[in-house]
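In: Any chance you can model this:
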Amino acid sequence: MFLSTLEIQNIIEHSFLPAVCTCSLEADQSMTIRVCDCMTGKVDLVATHVPVWTLDSPHAIASLLADMRQEIAAHKGQHPKFFS
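Out: Presented below is the predicted three-dimensional model:
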């Protein structure tokens, strides 16, 4: 199954609601994902160099999201975590 980059961005951004999540595509076709607390605006996580081409299935996307949520939970209350 192949999802477009816009579909992948939409899935990722909506999966973190009510937090604010933004995805941006980089020139090398990797993605940067930033998750911020909706109440404070504090950055909880920045994932850089996420290879979009590996997000080719629901399982791959779910695994990335689970890893990111785990990083956010582990570092709640600390400086933003950069994850790549």
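In: residue ranges with poor pLDDT in this structure?
Out: For the chain, the stretches with pLDDT under 70 are 1, 77-84.
In: What ranges does it have for its helices?
Out: According to DSSP state H, the chain carries its helices in the segments 5-15, 58-74.
In: Including distance to V46 and mean neighbour count, could those helices go into CSV?
Out: The C-beta positions use only the backbone N, C-alpha and C, and glycine is treated the same way. CSV is the format used below for those (distance: least, CB to CB, whole Å; neighbours: other CB atoms under 10 Å):
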stretch, distance to V46, mean neighbour count
helix 5-15, 13, 15
helix 58-74, 10, 14
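In: which stretch among those comes nearest I33?
Out: Taking CB to CB, helix 5-15 is the member of those nearest to I33, at 6.1 Å.
In: Would you mind pulling the contact partners of that closest one?
Out: Here helix 5-15 makes contact (CB atoms under 8 Å, 6 or more residues apart in numbering) with L3, C21, T22, C23, L25, M31, I33, V52, L55, I61, L64, L65.
In: Count the neighbours of the nearest residue to P18 once chain neighbours are set aside for me.
Out: Excluding the flanking residues, the one nearest P18 by CB to CB, 6 or more residues apart in numbering is C38, at 4.8 Å. C38: 13 surrounding residues under other CB atoms under 10 Å.
In: quick one: contacts for C38?
Out: Per CB under 8 Å, 6+ apart, neighbours of C38: P18, A19, V20.
In: and the closest residue to the last one other than its chain neighbours, how many neighbours?
Out: By that I understand V20. Leaving aside its sequence neighbours, V20 sits nearest to C36 (CB to CB, 6+ apart; 4.5 Å). C36 is flanked by 18 other residues according to other CB under 10 Å.
In: Cool, thanks, talk later.
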